[in-house]
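A.B. asks: build the 3D model from these lines:
(one chain, ligands or ions: 1)
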Amino acid sequence: MSSNLSVEERLSIIKNNLQEVLGEEQLKSILKERDPKIYWGTATTGKPHIAYFVAMTKLADFLSAGCHVTILFADIHAYLDNMKAPWELLNRRADYYEVVIKGMLESIGVPLDKLRFIKGSDYQLNRDFTLEIFRMASVVTEHDAKKAGCEVVKQVDSPLLSGLIYPCMQALDEEFLECDAQFGGVDQRKIFTFAEKYMPALGFKKRIHLMNPMVPGLTGGKMSSSEADSKIDLLDEPRAVENKIRKAFCEEGNIEQNGVLPFVKFVLFPVFKLKGIVSFDIKRPDKFGGNVSFETYQALEAAFAAKEIFPLDLKNAVASYINILLEPIRKKFETSTELQALLREAYPAEAAASIAAKMASTKIEDSVPVKNDFSRFDVRVGQVVEVSRHPDADKLFVEKIDLGESTGPRTILSGLVPYMTAEDLLGKKVLILANLKPAAMRGIVSQGMVLCADATKEDGTITIELLEPAEGSNVGDRVTVVALEGKPDEQLDCKKKDAAAFAAILAELKTSSTGIAEYRGTPLMTAHGPCQWQKS
Ligand SMILES: N[C@@H](Cc1ccc(O)cc1)C(=O)O
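C.D. replies: As a prediction, this is how the structure comes out:
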């Protein structure tokens, strides 16, 4: 037991910055006898952002008040909440949360060995827990379960049963984690009061509930996952942090609605206290009043209200403090390919989007002076409806290929005779480069080009295979590469003015080791999936 602090002192540290405490008397009496056990749970859904530091600083408070602290990575809850975390990603999400939450705690100077970490699925799938869910399900009304989850579980048009199980399991966690108190944001309040009502009904203790205020996001509203700019990701680059803070809502003299000040109050000052930093420093050029320091949040707030501090100066200071907090977390990821893989595997859709965004920005740069990428190609799904040999060229097939055009099938020539038979081609769905300037070959005009893969064998046997669209693709479907879906050229003159561009684009078309057609490493897709060559 932390003996050097009085019960009152410890209580005041526990309550510092909290919005509400349910069961304060109970807490006081525990403090008189022993160290309280508190847990905080987080559903392992989207990527944690900097607002999570608010909860972290409270966990630090609980530790300094001599409490035992448990962190629950509520992976099953992440699934039950409308599958915010899909089942197959559950493990990786929980792993990611563990890494970044430990990173945040270390960054603010909390020793990890004082904490207990546990994953929901480590005990919630056991027989005894399952049994308690059933017992609870037979005392809890549907109405109460629905009400309990309404501010936490995503509300949708056809609510799922899983959303009703969610609060039941959160209540039961209190018992299975053997805690005296559960801590969370006030958004958890209805689940907390639900637990207070139903846990005793099952013969369990009623727990203490500690609630943090909801800290407004940098745009002034709640820091929600939907507003991308209001959230600073833990792995954001310093520049991105500065830009997001610069866009934050922070009006001169306005302390009521302010997206920056709450972060200073609920995160920066508490962290300073932990680390023994004496003041919040704002750097300003001399002509704007020179540097200033504040030893308390109240002093800073008063100066801001009195317009002695300008929004930009405050924002710059906050951005640089945030960057100091994030630096060790960023470093961890930068220096570990394993963690980078974890990030990609836990959030595959975001990883794909960020690659696409990067490619899109490359496109913008490349487009000065001339855009030169796959988007200039109009590649379509076509079906071979007729094949014959060219009367005057040994290597050429003459195909009729249907691209779904009102003008009927096109005539397309291809030099595939050495590599396949007419039967191999007939009826196949293929990829056609459809915006080439028509060109005559030995008297017959070709209106496009069949895209093929070089599948030359290891022994050197030259092999060419047709690239085929994913099953289900329709004649006429456009084939694109993510982030390069722009309007194709009206016509590509591959012999003259566009010759260089044409060659450059072709040169970056490759097939992957599994036969998938790729441009700069990104698959060629129809709405039905990637295009690839089929081993014959
Ligand atoms: N409801 C919490 C997650 C949680 C889940 C289970 C618990 O036991 C505690 C907390 C959230 O919104 O993130």
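A.B. asks: of all of the chain, which residue lies closest to the ligand?
C.D. replies: Residue of the chain nearest the ligand, by Cβ to the nearest ligand atom: residue 41 (2.3 Å). C-beta: built from backbone N, CA, C; applies to glycine.
A.B. asks: quick one, phi/psi of that residue?
C.D. replies: Dihedral pair for residue 41: phi -110, psi 150, per degrees, to the nearest 10.
A.B. asks: can you count the residues close to the nearest residue to it once chain neighbours are set aside?
C.D. replies: Leaving aside its chain neighbours, residue 41 sits nearest to residue 72 (3.8 Å; criterion: Cβ to Cβ, 6 or more residues apart in numbering). Neighbour count of residue 72, defined by other Cβ atoms under 10 Å: 26.
A.B. asks: repeat that for residue 499.
C.D. replies: Residue 499 has 12 neighbours, counted by other Cβ under 10 Å.
A.B. asks: and the pLDDT at it?
C.D. replies: We have a pLDDT of 79 for residue 499.
A.B. asks: repeat for residue 458
C.D. replies: Confidence score, pLDDT, at residue 458: 79.
A.B. asks: so it lies in a helix, does it not?
C.D. replies: No: checked against DSSP: H, G, I helix; E, B strand; the rest coil, residue 458 lies outside a helix; its state is coil.
A.B. asks: so what's the residue of the chain closest to the ligand up against?
C.D. replies: Residues near residue 41 by Cβ atoms under 8 Å, 6 or more residues apart in numbering: 71-74, 77, 120, 170, 173, 182, 184.
A.B. asks: and residue 52, by the same measure?
C.D. replies: Residue 52 makes contact with 42, 101, 104, 234 under the criterion Cβ under 8 Å, 6+ apart.
A.B. asks: for residue 384, same thing?
C.D. replies: With Cβ under 8 Å, 6+ apart, residue 384 has these contacts: 399-401, 425-428, 430.
A.B. asks: which element is it on?
C.D. replies: strand 379-389 (DSSP states H and E).
A.B. asks: buried residues in that strand, which are they?
C.D. replies: By neighbour count on 16 or more other Cβ atoms under 10 Å, the buried set for strand 379-389 is 379-384, 387.
A.B. asks: same deal with stretch 271-290?
C.D. replies: 271-272, 274, 280, 282, 284.
A.B. asks: and which of those is nearest residue 412?
C.D. replies: residue 271 (66.7 Å; Cβ to Cβ).
A.B. asks: isn't there a strand covering the closest one?
C.D. replies: No: the assignment for residue 271 (three-state DSSP) gives helix, which keeps it out of a strand.
A.B. asks: what sits closest to it if chain neighbours are left out?
C.D. replies: residue 108 (4.9 Å).
A.B. asks: and what of residue 104?
C.D. replies: Per Cβ to Cβ, 6+ apart, closest to residue 104 is residue 56, 5.1 Å.
A.B. asks: ok, residue 124 touching residue 73?
C.D. replies: No: counting by Cβ atoms under 8 Å, residue 124 does not reach residue 73; the two are 11.3 Å apart.
A.B. asks: all the helices of the stretch 1-150 of the chain, residue numbers only.
C.D. replies: Ranges of helices within the stretch 1-150 of the chain are 7-15, 24-33, 52-64, 75-80, 90-107, 127-137, 142-149, based on DSSP state H, counting those that start in this stretch.
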